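Enquirer: all I have is the shape, not the residue letters:
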């Protein structure tokens, strides 16, 4: 049973497991706008719960853009949720504003005691781009100033926190070779220091990063579209470019990272599943994302999960017979 709403399209999602129950947070937009591509500019965040990642109870809208004039008054896009040791929950999200036509992305911060009612920390602004490591907006070269999809996790090598995000590296001449996974660090979830990207190249954008460790190996899941493969990456990918989710392999949470060799993990043309997450259920890894355009028309539902196998060499494979086949 997919997670579907009769009156809303759903897409990017992120998850937390608390007290035996899965919480899904996802982007949503009213189907009444009729044109699916307009969903990005008519967005809010929804919340649903499940005991098994299959049967879901929708709890309604939990977050959305601020009042006009704020830095995030246009969109509040994809993020992640973590819990502090004091029990408080923290949401990190992507924001844009009307004043910049939604072209400049920044990262925001909100908190909650119940995983549903979120309140911005101050005005919500948490982190912005600066310095020479990241590409600023270049009209005609790339379509936005990328700083989105924050993935926050405890630093396994220290006492603080790590934030990974979708970005672009500066000084790259081929647009589709400029995608990057950005990094920031924090001692307390409130004060963040921007660091150089931990990975760059291969694609024009590596969206919705998710960094995790499994059996002593480090992975960074990401999604991208066929039109955003670099020339070199297109040639190196068996079968050529597709749209969907693939991953990086790292020596540790800070890398160095490299694109996993071999076939693309979970991709197709037209795109079937996008913006996926890999969840550890305690009984193995499962991949879950939104159903995109398997038959050419946008679907806008969250898929049922499919098993992910870890091969002896550490490479990931979505199980045969799943949605990816």
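Expert: Sure, I can see it. Values in this document were obtained by computation on a predicted structure and should not be read as measured data.
Enquirer: only C-alpha atoms from now on, for both contacts and neighbour counts.
Expert: Will do.
Enquirer: which residues of the stretch 101-250 of the chain fall in helices?
Expert: 231-236 (DSSP state H, counting those that start in this stretch).
Enquirer: shaky segments in it?
Expert: For the stretch 101-250 of the chain, no stretch is flagged by pLDDT under 70.
Enquirer: the strands in the stretch 151-300 of the chain, which residues?
Expert: Counting by DSSP state E, counting those that start in this stretch, the stretch 151-300 of the chain has these strands, from start to end: 161-168, 179-186, 193-200, 207-214, 217-224, 243-250, 257-259, 266-268, 273-280, 285-291.
Enquirer: among those, which comes closest to residue 29?
Expert: strand 285-291 (13.6 Å; C-alpha to C-alpha).
Enquirer: name the next helix or strand downstream of the closest one, please.
Expert: Downstream of strand 285-291, the next assigned helix or strand under DSSP states H and E is strand 301-302.
Enquirer: now for that next one, which elements pack on it?
Expert: Applying 3 or more C-alpha pairs under 8 Å, 6 or more residues apart in numbering; DSSP states H and E, one finds that strand 301-302 contacts strand 8-18, strand 285-291.
Enquirer: what's the first helix or strand after the longest one?
Expert: Yep, that's strand 8-18 we're talking about. Downstream of strand 8-18, the first helix or strand assigned by DSSP H and E is strand 21-30.
Enquirer: can you tell me the strand partners of that following strand and which way each runs?
Expert: Strand pairing for strand 21-30, using DSSP bridges, gives strand 8-18 (antiparallel), strand 44-50 (antiparallel).
Enquirer: following the last one, which helix or strand comes up?
Expert: Okay, so that is strand 44-50. Taking DSSP H and E, what comes next after strand 44-50 is strand 56-63.
Enquirer: buried set for that next one?
Expert: 56, 58, 61, 62, 63 (16 or more other C-alpha atoms under 10 Å).
Enquirer: TSV for those, including distance to residue 38?
Expert: Formatted as TSV, the buried residues of strand 56-63 follow (distance: C-alpha to C-alpha, whole Å):
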residue	distance to residue 38
56	26
58	23
61	19
62	20
63	19
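Enquirer: wait, residue 115 touches residue 87, no?
Expert: No: with contact defined as C-alpha atoms under 8 Å, residue 115 does not count as touching residue 87 (10.8 Å).
Enquirer: pick out whichever of the two has more residues nearby.
Expert: residue 115 (19 against 11; other C-alpha atoms under 10 Å).
Enquirer: what's the closest non-adjacent residue to that one?
Expert: Using C-alpha to C-alpha, 6 or more residues apart in numbering and skipping residues adjacent in sequence, the residue nearest residue 115 is residue 89, 6.6 Å away.
Enquirer: quick check: that neighbour vs residue 53, distance?
Expert: Computed as C-alpha to C-alpha, to the nearest Å, the residue 89 to residue 53 distance reads 21 Å.
Enquirer: what about these two, which has more around it?
Expert: residue 53 (22 against 18).
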